[in-house]
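In: using only what follows, build the 3D model:
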Amino acid sequence: MNTAWRARAVFHFSRWIWVLGLAVLTEVSFPSSSTDIGPLLDPGAVADRDVIAPFNFVVNKTDAEIEREGADLAASVKPIYQFDQRMYDSATTRASRSRCPRGATSPKAASARISSARSRTCSRRRCRSA
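Out: Residues are numbered from 1 along each chain as shown. Okay, here's the model as predicted:
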């Protein structure tokens, strides 16, 4: 039984040794360096220094095209909203006041005025009863 196990081990070793050889050959051919790894940045992060290409390259665009593309990109940026409770309270107060007709001090009084206004038709100069 020991010879059968040894025969199977040699068979499987000969089948998989090339995978190990290919992995070693790849590591030797394409070594990885820790200096090539760039810093991990979050989306939207701003670089703390200027990034300059290590070589010169030509941009085949006119200054007007570059400026237009820059303006298009700037217009496509989504705004960042910050919630301010005081501004929210002020806006809701103003909105509730604007829903009430003149002279109405509460929503109930406003609904009474609105229902009475429904029975009238308005022209450009004055309101008249229907």
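In: please work out how many residues are found near residue 20.
Out: When neighbours are counted by other Cβ atoms under 10 Å, residue 20 registers 10. Heads up, the C-betas are built off the backbone N, CA and C, glycines and all.
In: regarding it, what is its secondary structure?
Out: Here residue 20 is recorded as helix under DSSP: H, G, I helix; E, B strand; the rest coil.
In: for it, give me the pLDDT.
Out: We note a pLDDT of 92 for residue 20 in this prediction.
In: identify the residue nearest residue 61 in space, chain neighbours excluded?
Out: residue 69 (7.8 Å; Cβ to Cβ, 6 or more residues apart in numbering).
In: and that neighbour, how many neighbours?
Out: Residue 69, neighbours per other Cβ under 10 Å, totals 11.
In: and the next element down the chain from the helix or strand harbouring it?
Out: For residue 69, the host element (DSSP states H and E) is helix 63-76. Where DSSP H and E defines the elements, the next helix or strand beyond helix 63-76 is helix 85-99.
In: for that next one, what is the average pLDDT?
Out: Rounded mean pLDDT across helix 85-99 is 81.
In: so what secondary structure elements neighbour it?
Out: helix 107-118 (3 or more Cβ pairs under 8 Å, 6 or more residues apart in numbering; DSSP states H and E).
In: go again using 7 Å as the cut-off
Out: Contacting helix 85-99 under the criterion 3 or more Cβ pairs under 7 Å, 6 or more residues apart in numbering; DSSP states H and E is no other helix or strand.
In: about what we covered before: for the helix holding residue 69, packing partners?
Out: If contacts are counted by 3+ Cβ pairs under 7 Å, 6+ apart, helix 63-76 sits against no helix or strand.
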